[in-house]
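Asks: Any chance you could fold what I've pasted below:
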Amino acid sequence: MKILTALLVLALWQTPASAASVTVVYSFTNGSDGALPLGTPIVYRGSIYGTTDGGKASLGNIYRLYPNKSGGFTAVDLHDFTGSDGSAPIGNIAVDTNGNLYGVTEVGGAHNLGTAWELVRPANLADPWALQVLWNFGTGAELGLPTGGLVFNNGSFYGFTDACLFRLLPVNGSYQFQVVAYNPPGSVSPLPSFDSAGNVYAAVIDGGLYIDRYSLSSDGTWTATQITQPGVGATNGPVGLTGGLLMDSTGAFYGVSAGGGAYFAGTIYKMSQTSSGQWLTSILRSFNPANEYAPNYTLFYSKARYYGILSLNQSEVFQAYASATSKQWTVNDLLDAGSNSTAGTNYVGFTFDSTGNIYGASAQGGAYGYGAIWKIVP
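Replies: Next comes the predicted model:
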């Protein structure tokens, strides 16, 4: 079964506005459609799926938006959380090739420490979808609350609680919970990354930025190796992680930080290995608090461009790429809540469709004040 995720796979003083087209495709009404989106939306077969903090019991719901004949989108409430199956669905969701959805709730479940869930797609979309709880957090040694959703790799789901990096492994029709590693005392990236060999990577801030690699041994145990050293090669290095890691074909890592950099307002950074085996940190962009501030979402990559969210003006979606004529990266402002109030504020995430268009969610604002879904054509 193949799983698609809404996730993982600098510039000049001013952040110029781009010629991107921005459209609000749906505004939540606080009715059966939900209110206040919590999780990153995902696009699958022309429909948009995601979660909100509303629903019938105001404990969260899962929605589907499908195109209608008038050129807009119609909302369908797929599931309302009840507390026993979880409450407050957050973070990244995944969809498999059958259209089944996967995610986590922050609280609720058997121990009120959250759940991992699957929403099963019916053969006829007009029929009810069925939610199954894959795991009740607090059942075993994992401790803590889920923090960043689920990602899929090599047949298993991975994610973080506020205490550990975990793996959910399917075994005989159910799921087995494994602690890959307990979190170090510093902050950890909210979602793990993977290489083709199945190794798991996470960025850590603990006396500086470094990357840990977790490898599965033949006896079923995980071994952690710190592969980079904090701050080597960078002045005013990244501080305060806000997203996962991107790995390119050379094995270099890219990410964003909420602090650090020349202006202490956040960075886009790169960590790469030299021919001698030494890992160096490069600051590709030091954000300027006068007009850009504090990246607060995972960096995305699409069609030779990087995309992210800044917290300036409560939200700003940016596009970044290496300049052909300068060592500095170029940044374009695609959507800014300060100048486009119709799209709402407090962006909680975005994803791409098959043509490279961006779909994202605002937790507040929109036509009715309960959040919105917007589309950017870069």
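
Asks: my guess is residue 230 meets residue 203, correct?
Replies: No - no contact is recorded between residue 230 and residue 203 when judged using C-beta atoms under 8 Å, the distance being 10.9 Å. Bear in mind the C-beta positions are built from the backbone N, C-alpha and C, glycine included.

Asks: Residue 308 and residue 255, how far apart?
Replies: For residue 308, the distance to residue 255 equals 10 Å [C-beta to C-beta, to the nearest Å].

Asks: quick one: common contacting residues for those two?
Replies: Contact with both residue 308 and residue 255 is made by residues 243, 268, 299, according to C-beta atoms under 8 Å, 6 or more residues apart in numbering.

Asks: burial measure for the last one, as a count.
Replies: Counted by other C-beta atoms under 10 Å, the residues lying close to residue 299 total 21.

Asks: Give the rounded mean pLDDT of stretch 39-56.
Replies: Here stretch 39-56 scores 95 as its mean pLDDT.

Asks: Might you calculate how far that stretch sits from the centre of the chain?
Replies: Relative to the centre of its chain, stretch 39-56 is centred 13 Å away, using C-alpha atoms, centre = their mean, to the nearest Å.

Asks: Now the terminal residues of that stretch, how far apart.
Replies: 18 Å (C-alpha to C-alpha, to the nearest Å).

Asks: in the chain, what residue sits furthest out from the centroid?
Replies: What lies farthest from the middle of the chain is residue 276; by C-alpha atoms, centre = their mean that is 33.5 Å.

Asks: what about it, distance to residue 253?
Replies: On the measure of C-beta to C-beta, residue 276 and residue 253 end up 18 Å apart.

Asks: swap in residue 287?
Replies: Taking C-beta to C-beta as the measure, residue 287 falls 19 Å from residue 253.

Asks: The two: who's more crowded?
Replies: residue 287 (30 against 22).

Asks: Distance check, that one against residue 265.
Replies: Taking C-beta to C-beta as the measure, residue 287 falls 5 Å from residue 265.

Asks: Same question for residue 256.
Replies: 12 Å.

Asks: do the same with residue 299
Replies: Going from residue 299 to residue 265 by C-beta to C-beta gives 16 Å.

Asks: Tell me if I'm right that residue 375 and residue 361 touch.
Replies: No - applying C-beta under 8 Å, one finds residue 375 not in contact with residue 361, separated by 11.1 Å.

Asks: Which one of those two is surrounded by more residues?
Replies: With neighbours defined as other C-beta under 10 Å, residue 375 and residue 361 compare such that residue 361 has more, 29 against 21.

Asks: What does the pLDDT read for that one?
Replies: For residue 361, pLDDT reads 95.

Asks: That one pairs with what?
Replies: residue 349, residue 373 (DSSP bridges).

Asks: My guess is it contacts residue 348. True?
Replies: Yes - contact criterion C-beta under 8 Å: residue 361 and residue 348 qualify, at 5.1 Å.

Asks: Mind listing the shared neighbours of these two?
Replies: 37, 39, 40.

Asks: Go through these and say which is closest to residue 144.
Replies: Taking C-beta to C-beta as the measure, residue 144 sits nearest to residue 39 out of the shared contacts of residue 361 and residue 348, at 18.7 Å.

Asks: From residue 299, how far off is the closest one?
Replies: Distance, residue 39 to residue 299, by C-beta to C-beta: 18 Å.

Asks: do the same with residue 133
Replies: 32 Å.

Asks: before we move on, what about residue 308?
Replies: When distance is defined by C-beta to C-beta, residue 308 is 5 Å away from residue 299.

Asks: again, but for residue 258
Replies: Distance from residue 258 to residue 299, by C-beta to C-beta: 13 Å.

Asks: That'll do, ta.
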